[in-house]
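Chemist: With the sequence up front, the predicted model follows.
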Amino acid sequence: MTQTIPAPFPALRLRRTRATGWSRALHREHILTPADLIWPLFVTEGAGVEEPIPSLPGVSRWSVDGIVARAKEAVAQGIPVLALFPNTQPERRSEDGAEALNPDNLMCRAIRAIKDACGDDIGVLTDVALDPYTSHGQDGLIDDAGYVLNDATVEVLVGQSLNQAAAGADIIAPSDMMDGRIGTIREALEAENHHNVQIMSYAAKYASAFYGPFRDAVGSRGLLKGNKKTYQMDPANAEEALREVAVDLAEGADSVMVKPGLPYLDIAIRVKQQFGVPVFAYQVSGEYAMIEAAVAAGAADRDTMVLETLLAFKRAGCSGVLTYHALHAARLMNG
Ligand code: PBG
């Protein structure tokens, strides 16, 4: 980008364009709208159930009927996409995560209910990874040493993706970080005539300390032994994120995601500048919890902080943001 050499003071006063509200509005470079938001929701069994998640204050798991009600609220506020995550009952979790392939699992029932109630008024994005279904909390199949097997896991992820697509999922979002899964899933979707089912790849997903409350929400925190460092990325690496993105795009990803969000804005902007594709960021559970903790401590104003952080993603080149604050932010914007 060319940078004009500024005229010397006082000919140039950068404060001049900031002096009034109309001028600030006129010079605003980026804008956040409800259409930039993807709202993650946690599904649980039962009817009429709301289960608050203590480590995510203000966020609950909802039974399928509640999820449909949330979907209608999202439509009313102009939120274009929901991201669904199941809290699978303990007795349905297993070593191999087979419940992920059950066409009647919680996830599929929630997808069908939303699509029945809202049709194409809202998109449904579904997470592809086995951690909500495994008894060990890892995202894939493990060997005797606990190592997550790549190719065997990809085979299951293909089945999981087809299962979700058959239930009506609009965007398949693999968050597992196995090698080769995007191409394999794309091929399977094409073979089953799911030509318009998109893939949003969690391309640059880091082994992060910011996922704790999410693992509470899907019930995997207590089960997880060890960590996810043999598949999720090292927070020290940026060049490697660009390789991950390049590979996923070559394999057919329609859009890519960077995760977590705010601590990795440098990655988001680099991906955008290098590839010029739709980039999304996930403001993850630990980021949400940090904001809420700051608010609870009287250290920050929720509304301004939420909108400022979300706008930062737009400034960094993102097409949209997954955020647990989505409904609140949309309501603020809609007035
Ligand atoms: C599962 C998955 C995780 C998140 C989204 N999908 C957790 C993990 O990788 O352990 C985290 C989202 C959040 O923290 O809000 N593969």
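Modeler: Alright, I've got the coordinates. If you're wondering where the values come from, they're calculated on a predicted model, not measured in any experiment.
Chemist: elements contacting the top helix by length along the chain?
Modeler: Longest helix in the chain, counting residues (DSSP state H): helix 150-167. Packing partners of helix 150-167 (3 or more CB pairs under 8 Å, 6 or more residues apart in numbering; DSSP states H and E): helix 106-118, strand 123-128, strand 171-174, helix 181-191. Glycine gets a C-beta too; all of them are placed from N, C-alpha and C.
Chemist: for the ones you listed, which one ends up most surrounded?
Modeler: strand 171-174 (a mean of 26; mean count of other CB atoms under 10 Å).
Chemist: That strand - contacts with which helices or strands?
Modeler: Strand 171-174 packs on strand 123-128, helix 150-167, helix 181-191, strand 198-205, going by 3+ CB pairs under 8 Å, 6+ apart.
Chemist: Neighbouring strands - and their directions - for it?
Modeler: strand 123-128 (parallel), strand 198-205 (parallel) (DSSP bridges).
Chemist: number of nearby residues for the nearest residue to Gly146 once chain neighbours are set aside?
Modeler: Nearest non-adjacent residue to Gly146, counting by CB to CB, 6 or more residues apart in numbering: Gly226, 6.3 Å away. Burial measure for Gly226: 13 neighbouring residues, criterion other CB atoms under 10 Å.
Chemist: What strand or helix carries Gly226?
Modeler: Using DSSP states H and E, Gly226 maps to neither a helix nor a strand.
Chemist: And Asp248, by the same measure?
Modeler: Assigned by DSSP H and E, Asp248 falls in helix 239-250.
Chemist: just to revisit the earlier point, looking at the helices and strands packed on helix 150-167, spot the one closest to the ligand.
Modeler: strand 123-128 (5.1 Å; CB to the nearest ligand atom).
Chemist: which residues sit against that closest one?
Modeler: Applying CB atoms under 8 Å, 6 or more residues apart in numbering, the contact partners of strand 123-128 are 38, 80-85, 107, 111, 114-115, 157, 160-161, 164, 168-176, 181, 185, 200.
Chemist: export the helix or strand of the chain with the lowest mean pLDDT as PDB, just CAs?
Modeler: Ranking every helix and strand in the chain by mean pLDDT, DSSP states H and E puts helix 212-218 at the bottom, with a mean of 95. Extracted as PDB, the C-alpha positions of helix 212-218 are listed here (Å, rounded to 0.1, in the frame of the first residue of the first chain):
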ATOM      1  CA  GLY A 212     -11.000 -24.900  28.700                       C
ATOM      2  CA  PRO A 213     -14.600 -23.600  29.100                       C
ATOM      3  CA  PHE A 214     -15.600 -25.200  25.700                       C
ATOM      4  CA  ARG A 215     -14.400 -28.500  27.000                       C
ATOM      5  CA  ASP A 216     -16.600 -28.100  30.000                       C
ATOM      6  CA  ALA A 217     -19.500 -27.200  27.700                       C
ATOM      7  CA  VAL A 218     -19.200 -30.400  25.600                       C
END
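Chemist: Can you give the contact residues for it?
Modeler: Against helix 212-218 from outside (CB under 8 Å, 6+ apart): 42, 53-56, 59, 61, 85-88, 131-132, 137, 221, 224, 284-286, 288-289.
Chemist: Whether it contacts the ligand - can you check?
Modeler: Yes. Shown here: helix 212-218 in contact with the ligand (CB under 6 Å from any ligand atom) through Phe214, Arg215.
Chemist: Can we start the residue count at 4 from this point?
Modeler: Yep, numbering from 4; the last one is helix 215-221 now.
Chemist: the helices in the stretch 204-338 of the chain, which residues?
Modeler: 215-221, 242-253, 268-278, 288-299, 305-318, 329-337 (DSSP state H, counting those that start in this stretch).
Chemist: Centre of the chain to the fifth one, how far?
Modeler: Centre-to-centre, helix 305-318 and its host chain are 16 Å apart (CA atoms, centre = their mean, to the nearest Å).
Chemist: buried set for that helix?
Modeler: Arg305, Met308, Val309, Leu310, Thr312, Leu313, Leu314, Ala315, Phe316, Lys317 (16 or more other CB atoms under 10 Å).
Chemist: So for the fourth one, what pLDDT did the model give?
Modeler: For Leu310, the model assigns a pLDDT of 98.
Chemist: ok, and the closest non-adjacent residue to Ser97?
Modeler: Ser138 (5.6 Å).
Chemist: Hmm, Asp99 and the one you found touching each other?
Modeler: No. Under the criterion of CB atoms under 8 Å, Ser138 makes no contact with Asp99, lying 9.0 Å away.
Chemist: how about the residues of the stretch 154-303 of the chain near the ligand?
Modeler: For the stretch 154-303 of the chain, the residues in contact with the ligand (CB under 6 Å from any ligand atom) are Ser178, Asp179, Tyr214, Phe217, Arg218, Lys231, Val287, Ser288.
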